[in-house]
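>>> quick check, what structure comes out for this input:
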Amino acid sequence: MSSEKSLELLERTRKVMKAEQKLTALLEKVEPWIAAAPGHHSSTIRDHYGNRVRPIPTNMDQVEVILAMARNWASKTSAPAGW
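Numbers count the residues shown, from 1 in each chain. From the prediction side, this is the model:
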């Protein structure tokens, strides 16, 4: 691979990483998708490593909300239908 092609690939990778960082920031703005579990006083739930995780849906209404949001986002991207 030529040096020029390597630089082009590196630049494309940087652009993808920036897009992913922006998407992550956007997701953090709209969080939480569903309310925290009853009795949990914080809207942020963490795993045993301290990483933030999304609450698990506890009923079909919450599942429908999450799926509707996912379908909405997928319709605004290049993701194929049903992805």
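>>> okay, CA-based contacts and neighbour counts for the rest of this
OK.
>>> look up how far Leu23 lies from Leu9.
Distance, Leu9 to Leu23, by CA to CA, to the nearest Å: 21 Å.
>>> what about stretch 58-69, average pLDDT?
Taken as a whole, stretch 58-69 has an average pLDDT of 86.
>>> check stretch 30-41 too.
Taken as a whole, stretch 30-41 has an average pLDDT of 56.
>>> what's the burial count for Tyr49?
Other residues within reach of Tyr49 by the criterion other CA atoms under 10 Å amount to 6.
>>> confirm that it sits in a strand.
No. With DSSP: H, G, I helix; E, B strand; the rest coil as the criterion, Tyr49 is located in coil rather than a strand.
>>> got the phi and psi for it?
Note on Tyr49: backbone dihedrals following degrees, to the nearest 10 are phi -100, psi 0.
>>> for the one 10 residues further on, same thing?
The phi and psi values for Asn59, taken as degrees, to the nearest 10, are phi -150, psi 170.
>>> and it, how many neighbours?
As a burial measure, Asn59 scores 8 neighbours (other CA under 10 Å).
>>> who touches Asn59 in this structure?
Contacts for Asn59 (CA atoms under 8 Å, 6 or more residues apart in numbering) come out as none.
>>> please renumber so the chain begins at 152
Sure, I'll start counting at 152 from here, so that last one is Asn210.
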